[in-house]
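> Task: produce atomic coordinates for the following.
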Amino acid sequence: MTQHAMRNGILLPRDLAADGLIPFAVQAETSGFDELWVVEDLGFRGGIAQAAVALALTAHLRVGIGILPAAVRNVAYAAMEVATLAQLFPGRVNVGVGHGMPDWLKAAGTWPERPLAYLRAYVLALQGLLRGETVAWGSGELALDPAAVPAVVPDVLLGVRGPKSLQASGRVAQGTILAEPSTEEYVTAAREQIAATGPHRIVAYNVAAVDDDGDAAVAAVRPGLEWIGEADWLPHLRPIDIGPEVTALRAQSATREEFARRLPPEWVARLAVAGTPAEVRERLAGLARAGVTTSVLIPAGPDPLAAVAALGRALPGR
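Numbering: from 1, shown residues only. Sure, this is the predicted structure:
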């Protein structure tokens, strides 16, 4: 595959203190990142509100919402919110949509009977509304007022991981958001399942750290990998040679924390983006060769602002 120019993104930590959002976004832009992605997880903060603040306080960052759970965000009102952002900040908005975590949505009483069919219909309706079309929904029709239709229509990406959901993304979305860990092997396998016939963005998340001491960087990302032995993460592990061993280690560990402590350093380096600036640049180049169009780094360590500045040292051209 021909290597392309990959955009560099950073993830706003979901548990960052509220007064940290503005300096984080500003630091991301100052450090040379092209994109900032925000999280909408149950019990934390709303994705649209965070995106609006980040867009207003920066000049050039493209801001992505990753992801809005479709069954929670009524499509008509989601279209209104996204269109408003797109009119205020043309060309700087991306919106990710997904199933959401089943347990969270069930707790909120919003898990649909046919999740994949619902998500596919939702994305098509959202795209149509943002283009100014009248779409059939429920028992009637929906449309934005012409004055509310953005001149630059944001990309809609699906944040999914199951085979059928990835296939749906290739058919109906402008791109796919791949959760961490997004190794080169996982990206390649996901792209084969997506099987897009036209341009299709691949946004890949990875826990990341940069340090002149590469071993220190690997140690910093270790806690961020404590989830990857859970069942939901099996699609990420199947394509890589150490996948069965990682799964076995999780089964042998009493807690996620114990699992993360027991991961061999060489596995940690495979499952995250960590090392010296040169090592991280090489890893990002490998992800680009695998087909990633935006590599989103999840900053590791106790000081998010310092982590962003350090990660910026590894960006191409820095």
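> so where's the stretch 1-150 of the chain shaky on pLDDT?
1-4 (pLDDT under 70).
> all helices of it, in order?
Taking DSSP state H, counting those that start in this stretch, the helices of the stretch 1-150 of the chain run over residues 21-30, 47-56, 75-88, 102-107, 115-130.
> Mind putting those into CSV with distance to residue 223 and mean neighbour count?
In this view, the C-beta of every residue, glycine as well, is placed from N, C-alpha and C. Conversion of the helices of the stretch 1-150 of the chain to CSV gives the following (distance: least, CB to CB, whole Å; neighbours: other CB atoms under 10 Å):
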stretch, distance to residue 223, mean neighbour count
helix 21-30, 19, 19
helix 47-56, 23, 20
helix 75-88, 33, 19
helix 102-107, 22, 13
helix 115-130, 31, 20
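> Now these in JSON lines, please, with extra columns for distance to residue 301.
Converted to JSON lines, those look like this (distance: least, CB to CB, whole Å):
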{"stretch": "helix 21-30", "distance to residue 301": "13"}
{"stretch": "helix 47-56", "distance to residue 301": "21"}
{"stretch": "helix 75-88", "distance to residue 301": "30"}
{"stretch": "helix 102-107", "distance to residue 301": "27"}
{"stretch": "helix 115-130", "distance to residue 301": "34"}
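> so which of these gets nearest residue 184?
helix 21-30 (24.5 Å; CB to CB).
> Now do the closest one: everything it contacts.
10, 12-13, 16, 36, 50, 53-54, 57-61, 304-305, 308-309, 312 (CB atoms under 8 Å, 6 or more residues apart in numbering).
> what's the answer for stretch 261-281, then?
By CB under 8 Å, 6+ apart, stretch 261-281 touches 180-181, 183, 206-215, 217-222, 224-225, 228, 240, 242, 245-246, 249, 253, 283-284, 287, 295, 297, 300, 311, 313-316, 318.
> Same check on stretch 209-221?
Looking at what lies outside stretch 209-221 - CB under 8 Å, 6+ apart - the contacts are 207-208, 265, 268-269, 272-277, 279-280, 299-301, 307, 310-311, 313-314.
> Please compute how far it lies from its chain's middle.
22 Å (CA atoms, centre = their mean, to the nearest Å).
> which parts of it are buried?
For stretch 209-221, a neighbour-count test (16 or more other CB atoms under 10 Å) marks 209-211, 214, 217-221 as buried.
> tell me the average confidence for that stretch?
Averaged across stretch 209-221, the pLDDT comes to 97.
> Ok, stretch 281-295 next?
97.
> Go through that stretch and flag the buried ones.
281, 283-284, 286-295.
> Inside helices: which ones of the residues you listed?
281, 283-284, 286-290 (DSSP state H).
> out of those, who's nearest residue 176?
Nearest to residue 176 among these, with distances taken as CB to CB, is residue 290, at 13.2 Å.
> Against residue 239, how distant is that closest one?
Separation of residue 290 from residue 239 (CB to CB, to the nearest Å): 11 Å.
> what is in contact with those two at once?
Taking CB under 8 Å, 6+ apart as the contact rule, residue 290 and residue 239 both touch residue 188.
> re earlier: filter the contacts of helix 21-30 to the buried ones?
Using 16+ other CB under 10 Å, the buried members of the contacts of helix 21-30 are 10, 12-13, 16, 36, 50, 53-54, 58, 61, 304-305, 308-309, 312.
> which residues in the stretch 101-250 of the chain form strands?
Using DSSP state E, counting those that start in this stretch, the strands of the stretch 101-250 of the chain run over 135-137, 140-142, 155-159, 175-178, 201-210.
> now the angle between helix 115-130 and the third one, please.
The one in question is strand 155-159. Orientation check (axes from the mean of the first three to the mean of the last three CA atoms, to 10 degrees): strand 155-159 against helix 115-130 gives 170 degrees.
> cool, and the last one?
Between the axes of strand 201-210 and helix 115-130, defined by the same axes, to 10 degrees, the angle is 100 degrees.
> picking up where we left off before, I'd like to know which of the contacts of stretch 261-281 are part of helices.
Going by DSSP H, the helices hold 214-215, 217-221, 245-246, 249, 283-284, 287, 311 from the contacts of stretch 261-281.
> from these, which single one is nearest residue 166?
Among the ones in helices among the contacts of stretch 261-281, and counting by CB to CB, the member closest to residue 166 is residue 287, at 17.5 Å.
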